[in-house]
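Visitor: Sequence plus the predicted model coming up.
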Amino acid sequence: MKLVKHLANLGYGSRKEMMALIRNGRVAAADGSPLDFDSTIAHREIRFDGAPLDPDASAVLMLNKPLGYTCSTKDPGRIVYDLLPMRFRFRKPPVSPIGRLDRDTTGLLLFTADGAFLHRVISPKSNVPKVYEVTLARPLKGDEGAIFAAGTLMLESEKKPLLPAELEELDPHHARLTLHEGRYHQVRRMFAAIGNHVEALHRAAVGGVALGDLPEGKWRELTPDEAESVIKPS
Ligand code: URA
């Protein structure tokens, strides 16, 4: 793709603005040589004010989502896009969250502009496991693991029972829950259905990718191997 269009699609500005920046030498090759408006140089070889460009449209990003941010572009409050560079809002194709987390859920949120990848992750056929750390208002009774594993639990106003899910008790008020689907407010509704209440919810992993030591509110690009392991955990 030609340089001006590539930069405009990444949200750096309009094509006209990009032409001005290129003319002023602010966009160059990694070796410092100047570039033309219609250069088709590889993405990784381009520098903007000396720095590599934002990840390209095939990239997968991870964010450590803090409390209080919604996965929406329209919410009047704080939104997850506030935690990404402002220009990401102007990207074509847009960068979208892969699945959602509630405003009051923290942890691993993936983003991509690659629609095929997004659908591979959220497709029920892919069966990508999602691991949640749950803090509960009331102590676990001991039968929750068997109830969730049975694959028979029905949530209110749903037509199909939940798929089997795995619960690991960490202590009476804390558990690790692995889901293989993603229904609306699923973890909170599962515990509500059995008479408990989720006080805090944190997603620690999606497929083979864990949050690791990424600080809260920060994002980074996944390596190609990490992105592949979202769908095919090793
Ligand atoms: N389940 C929930 O209840 N909330 C989330 O954000 C994710 C899973």
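Guide: Yep, it's here.

Visitor: All the helices of this structure, residue numbers only.
Guide: For the chain, applying DSSP state H gives helices covering 3-9, 15-23, 115-122, 144-149, 186-193, 224-231.

Visitor: who wins for proximity to the ligand among the ones you listed?
Guide: Nearest of those to the ligand, taken as CB to the nearest ligand atom: helix 186-193 at 3.5 Å. Glycine gets a C-beta too; all of them are placed from N, C-alpha and C.

Visitor: where does the chain dip in pLDDT?
Guide: In the predicted model, the chain carries no residue with pLDDT under 70.

Visitor: residue nearest the centroid of this protein?
Guide: L110 (1.5 Å; CA atoms, centre = their mean).

Visitor: Quick check: it touching A59?
Guide: No: under the criterion of CB atoms under 8 Å, L110 makes no contact with A59, lying 10.7 Å away.

Visitor: residues shared between the contacts of these two?
Guide: Jointly contacting L110 and A59 under the rule CB atoms under 8 Å, 6 or more residues apart in numbering are L222.

Visitor: one step back: tell me the contacts of the residue nearest to the centre of the chain?
Guide: V60, L61, M62, L63, P97, I98, G99, V121, V206, V209, L222, V230.

Visitor: And for I98?
Guide: Counting by CB under 8 Å, 6+ apart, I98 touches V60, L109, L110, F111, T112, F117, L118, V121, I122, V206.

Visitor: Determine which two of the residues you listed are furthest apart.
Guide: Among these, the pair separated by the greatest distance (CB to CB) is L109 and F117, at 14.7 Å.

Visitor: got the residues of this protein near the ligand?
Guide: L101, D102, T105, H185, Q186, V187, R188, L201 (CB under 6 Å from any ligand atom).

Visitor: So which of those wins on neighbours?
Guide: L101 (23 neighbours; other CB atoms under 10 Å).

Visitor: neighbours around the residue lying closest to R188 once chain neighbours are set aside, how many?
Guide: Leaving aside its chain neighbours, R188 sits nearest to V198 (4.7 Å; criterion: CB to CB, 6 or more residues apart in numbering). A count of nearby residues for V198, using other CB under 10 Å, gives 22.

Visitor: repeat for S33
Guide: 9.

Visitor: With I147 instead?
Guide: 16.

Visitor: just L83 next, same as before
Guide: Neighbour number of L83 under other CB under 10 Å is 18.

Visitor: How about N9?
Guide: N9: 18 neighbours (other CB under 10 Å).

Visitor: Name the nearest residue to it, ignoring sequence neighbours.
Guide: Leaving aside its sequence neighbours, N9 sits nearest to K92 (CB to CB, 6+ apart; 4.6 Å).

Visitor: what do you get for Y12?
Guide: R87 (5.9 Å).

Visitor: which stretches of this protein form strands?
Guide: 27-29, 46-48, 51-52, 60-65, 96-97, 105-112, 130-136, 166-171, 174-179, 198-206, 209-210, 219-221 (DSSP state E).
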